[in-house]
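Novice: 3D, please:
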Amino acid sequence: MKNNRRDFLKLGGLAGLGLASSGILSAYTSADTSTQDDILKLAKRVHKQEFNMSGYSAPKLDTVRIGFIGLGNRGAAAVKRMARIAGTSINALCDLRPEKTTAAAQGLKQTAHKPVVYTDKEEAWKKLCERDDIDLIYIATPWELHTPMAVYAMNHGKHVCTEVPAATSLEECWQLVQTSERTKKHCMMLENCCYDFFEMLTLNMARQGFFGDIIHCEGAYIHDLLEGNFSKSKYYDMWRLKENIKHKGNLYPTHGLGPICQVMNINRGDQMNYLVSVSSNDFMMNEMAKELAAKDPFYKPYVGKTYRGNMSTTTIKTHLGRTLMVQHDVTSPRPYSRLHLISGTKGTAQKYPLPARISTSHEGWLSDNDFKALEEKYTPNLVKKIGEMAKAVGGHGGMDFLMDWRTIDCLRNGLPLDQDVYDAALWSSILPLSEWSVNNRSNSIDVPDFTGGSWKTNLPVDISLSKGGTTGVI
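Specialist: Model (predicted):
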């Protein structure tokens with residue numbers, strides 16, 4: 001899709017709601033046109049909270065009626081998972097490509113789900129959002145469409161789950177927060193890594209004081225996607241490669257960041273204060289473009305572009321004086337790592353690139369037997385109840401199914417979601433903030449307080465089965 005068509009999708013979704021007079025439309029600009037001064041102003045913006053979505057319990061839904069937008073790599077798999085969860089009704093499917101909607105609908109033929117299909121038109125997703133028989137919009141489209149679709153859906157009375165990142169600019173982050181607060185509709189970013197088994201184990205341990213006071217945490221997304229980014233078929237219209245041309249800094253921070261933010265109770269007792277970021281040059285993407293273009297003229301437009309650097313490292317300091325480090329590298333031939341490190345006054349935990357380990361002293365990691373004993377003691381009830389089923393259904397080893405099941409269970413029981421709009425905005429904001437720092441010789445930049453100060457009194461969400469757990473599996 002051309003840039004002007006993208007802008008039309010974004011702005012058209014807002015203008016169609018008559019929001020120009022409210023000031024929302026006039027405040028909306030794309031990440032491509034934001035100046036360095038604009039970003040600084042948005043980072044320092046003081047937010048007057050209209051309604052606190054942290055800990056918010058929406059009215060119970062006996063059946064969660066779902067519409068899916070985007071049926072590519074992530075969306076199609078999510079449809080299959082949701083079809084296995086009791087208390088759901090998949091009422092609509094949407095993708096620009098007819099073959100994708102056909103395949104997804106065909107996969108539901110032997111189930112009770114009978115979705116209406118929307119396809120072949122760029123604005124078909126709006127018709128889906130406007131339906132009266134949908135409670136939840138599940139968005140799995142290219143990144144730049146996440147916010148305009150989420151905003152449009154919430155303005156039409158729908159809860160939203162959107163793939164990561166939820167936004168690619170600070171303007172979009174603020175759009176999500178303002179819309180969720182005004183409509184009182186959930187906006188959850190689908191950060192599945194928060195539901196991986198070791199991450200949930202260490203979160204429960206942290207909540208029960210095992211690590212003492214948390215001093216420092218680290219997260220990362222180091223995954224060699226070089227060939228995939230240049231694939232003609234993996235990402236529609238080469239959208240992911242284009243993101244690596246358009247932006248610098250940490251394009252994809254949330255896999256490593258989300259779990260450690262939950263451990264540190266960010267937005268719920270502590271808040272990010274400022275960050276600094278540094279990136280290497282690109283040593284691989286332009287070279288790959290040259291190699292491919294020598295054999296296939298399709299790749300000639302990608303030669304000579306200024307690609308994002310291979311390794312991005314961002315360091316963040318919180319208001320309570322703690323620190324986080326987040327890294328991003330999707331082109332180097334390194335072993336896969338979603339580095340998950342927790343360092344506290346009484347203990348340490350780490351996973352990736354080595355297997356999961358826990359320590360309580362400088363003398364080394366605990367033995368396998370001691371580790372297993374801790375697993376038995378601290379495994380959350382959610383994992384005890386649905387963990388084996390999640391592994392059987394799949395989705396990155398089961399964490400995708402855990403995420404979906406837990407989200408549906410919370411909506412059906414009127415419980416707060418584990419991730420709210422402030423998490424979606426904050427975790428996504430690292431992309432534009434790190435880019436600003438890289439563009440300004442790694443100077444520090446303030447991190448916006450999307451909670452409007454309520455982080456000081458917001459309480460952590462109990463990711464367990466305290467009052468829910470009634471949802472079953474088909």
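Novice: who touches stretch 49-65?
Specialist: With CB atoms under 8 Å, 6 or more residues apart in numbering as the contact definition, stretch 49-65 has outside contacts at 87-89, 91, 133-136, 159, 178, 180-182, 184-187, 267-268, 408, 411-416, 420-422, 451-455, 458-459, 461. The way it works is simple: take the backbone N, C-alpha and C, and place the C-beta from them, glycine included.
Novice: buried subset of the residues you listed?
Specialist: Among the contacts of stretch 49-65, those classed as buried by 16 or more other CB atoms under 10 Å are 87-89, 91, 134-136, 159, 178, 180-181, 185-187, 267-268, 408, 411-413, 415-416, 420-422, 451, 454-455, 458, 461.
Novice: for the stretch 151-300 of the chain, what spans make up the strands?
Specialist: Along the stretch 151-300 of the chain, counting by DSSP state E, counting those that start in this stretch, strands occupy 159-162, 187-189, 214-222, 272-279.
Novice: closest one to residue 363 among those strands?
Specialist: Residue 363 sits nearest to strand 214-222 of all these, at 18.6 Å, using CB to CB.
Novice: So what touches stretch 283-297?
Specialist: So stretch 283-297 is contacted by 226, 229-230, 241, 244, 298-300, 302-305, 307-308, 310, 331-332 (CB under 8 Å, 6+ apart).
Novice: at 10 Å what do you get?
Specialist: Residues outside stretch 283-297 that contact it (CB atoms under 10 Å, 6 or more residues apart in numbering) are 224, 226-227, 229-230, 232, 241, 244-245, 282, 298-311, 329-333.
Novice: can you give me the end-to-end distance of that stretch?
Specialist: Terminal residues of stretch 283-297 lie 22 Å apart, using CA to CA, to the nearest Å.
Novice: and what of stretch 282-300?
Specialist: End-to-end span of stretch 282-300 (CA to CA): 18 Å.
Novice: swap in stretch 356-368?
Specialist: 10 Å.
Novice: ok now it, how far from the chain's centre?
Specialist: Distance of stretch 356-368 from its chain centroid, counting by CA atoms, centre = their mean, to the nearest Å, is 31 Å.
Novice: How about stretch 228-235?
Specialist: With CA atoms, centre = their mean, you get 21 Å for stretch 228-235.
Novice: What of stretch 304-321?
Specialist: 17 Å.
Novice: can you give me phi and psi for the closest residue to residue 471 other than its chain neighbours?
Specialist: Excluding the flanking residues, the one nearest residue 471 by CB to CB, 6 or more residues apart in numbering is residue 409, at 4.1 Å. Per-residue torsions, residue 409: phi -60, psi -40 (degrees, to the nearest 10).
Novice: now swap in the one 10 residues further on and tell me
Specialist: Backbone torsions of residue 419, given as degrees, to the nearest 10, read phi -120, psi 130.
Novice: got a list of what it touches?
Specialist: Going by CB under 10 Å, 6+ apart, residue 419 touches 161, 166, 186-191, 194, 254, 258, 261-262, 267, 403, 407, 427, 461, 463.
Novice: The closest residue to residue 112 other than its chain neighbours: helix or strand, and which one exactly?
Specialist: Nearest residue to residue 112, sequence neighbours excluded (CB to CB, 6+ apart): residue 89, at 7.8 Å. Using DSSP states H and E, residue 89 maps to strand 88-95.
Novice: now could you export just the CA positions of that strand as PDB?
Specialist: Below are the C-alpha coordinates for strand 88-95, written out as PDB (Å, rounded to 0.1, in the frame of the first residue of the first chain):
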ATOM      1  CA  THR A  88     -16.400 -17.400  22.600                       C
ATOM      2  CA  SER A  89     -18.200 -16.700  19.300                       C
ATOM      3  CA  ILE A  90     -16.100 -15.800  16.300                       C
ATOM      4  CA  ASN A  91     -18.600 -13.600  14.400                       C
ATOM      5  CA  ALA A  92     -16.400 -11.900  11.800                       C
ATOM      6  CA  LEU A  93     -13.100 -12.300   9.900                       C
ATOM      7  CA  CYS A  94     -11.400  -9.600   7.800                       C
ATOM      8  CA  ASP A  95      -8.300  -9.500   5.600                       C
END
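Novice: What strands line up against it, and which way round?
Specialist: Next to strand 88-95 in the sheet, as set by DSSP bridges, lie strand 64-69 (parallel), strand 116-119 (parallel).
Novice: can you put those strands in TSV and add distance to residue 98?
Specialist: Shown next, in TSV, are the strands paired with strand 88-95 (distance: least, CB to CB, whole Å):
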stretch	distance to residue 98
strand 64-69	15
strand 116-119	5
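Novice: how about JSON lines for these, with mean neighbour count added?
Specialist: Putting the strands paired with strand 88-95 into JSON lines (neighbours: other CB atoms under 10 Å) gives the following:
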{"stretch": "strand 64-69", "mean neighbour count": "25"}
{"stretch": "strand 116-119", "mean neighbour count": "19"}
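Novice: right, so of those, which gets closest to residue 174?
Specialist: Nearest of these to residue 174, taken as CB to CB: strand 64-69 at 22.1 Å.
Novice: that older thread, indicate which one of the strands of the stretch 151-300 of the chain is closest to residue 347.
Specialist: Of all the strands of the stretch 151-300 of the chain, strand 214-222 sits nearest to residue 347, with 10.1 Å by CB to CB.
Novice: returning to that earlier point: could you pick out the buried ones from the contacts of residue 419?
Specialist: Looks like these have 161, 166, 186-191, 194, 254, 258, 261-262, 267, 403, 407, 427, 461, 463 buried, using 16+ other CB under 10 Å.
Novice: got a list of what the most centrally placed residue in the chain touches?
Specialist: In the chain, the centroid-proximal residue (CA atoms, centre = their mean) is residue 164; its distance is 3.1 Å. Residue 164 is in contact with 74, 143, 146, 189-193, 221, 252-255, 257-258, 424, 427-428, counting by CB under 10 Å, 6+ apart.
Novice: Skipping adjacent residues, who's closest to it in space?
Specialist: residue 254 (4.6 Å).
Novice: Please pull out the lowest mean pLDDT helix or strand from this structure.
Specialist: The helix or strand of the chain with the lowest confidence, counting by mean pLDDT, DSSP states H and E, is helix 24-27 at a mean of 30.
Novice: Now the following helix or strand past that helix: buried residues?
Specialist: Using DSSP H and E, the helix or strand that follows helix 24-27 towards the C-terminus is helix 36-43. Across helix 36-43, burial judged by 16+ other CB under 10 Å covers 39, 42, 43.
Novice: do stretch 103-121 as well
Specialist: 104, 105, 107, 108, 113, 115, 116, 117, 118, 119.
Novice: Please compute how far stretch 182-197 lies from its chain's middle.
Specialist: Offset of stretch 182-197 from its chain centre (CA atoms, centre = their mean): 7 Å.
Novice: which SS class is the closest residue to residue 68 other than its chain neighbours?
Specialist: Of all residues beyond its chain neighbours, the one nearest residue 68 is residue 138 (4.8 Å), with distances taken as CB to CB, 6+ apart. Secondary structure, DSSP: H, G, I helix; E, B strand; the rest coil: residue 138 is strand.
Novice: In PDB, list the C-alpha atoms belonging to the longest helix belonging to the chain.
Specialist: When the chain is parsed with DSSP state H, its longest helix is helix 421-439. Written as PDB, here are the backbone C-alpha positions of helix 421-439 (Å, rounded to 0.1, in the frame of the first residue of the first chain):
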ATOM      1  CA  VAL A 421      -3.900   0.600  27.700                       C
ATOM      2  CA  TYR A 422      -1.100   2.300  29.800                       C
ATOM      3  CA  ASP A 423       1.100  -0.800  29.400                       C
ATOM      4  CA  ALA A 424       0.300  -0.800  25.700                       C
ATOM      5  CA  ALA A 425       1.300   2.800  25.300                       C
ATOM      6  CA  LEU A 426       4.300   2.700  27.600                       C
ATOM      7  CA  TRP A 427       5.900  -0.400  26.200                       C
ATOM      8  CA  SER A 428       5.300   0.700  22.600                       C
ATOM      9  CA  SER A 429       6.700   4.200  23.300                       C
ATOM     10  CA  ILE A 430      10.200   2.800  23.600                       C
ATOM     11  CA  LEU A 431      10.200   2.600  19.700                       C
ATOM     12  CA  PRO A 432       9.900   6.400  19.100                       C
ATOM     13  CA  LEU A 433      11.800   7.400  22.300                       C
ATOM     14  CA  SER A 434      14.800   5.200  21.500                       C
ATOM     15  CA  GLU A 435      14.800   6.500  17.900                       C
ATOM     16  CA  TRP A 436      14.900  10.100  19.200                       C
ATOM     17  CA  SER A 437      17.800   9.200  21.500                       C
ATOM     18  CA  VAL A 438      19.700   7.500  18.700                       C
ATOM     19  CA  ASN A 439      19.100  10.500  16.400                       C
END
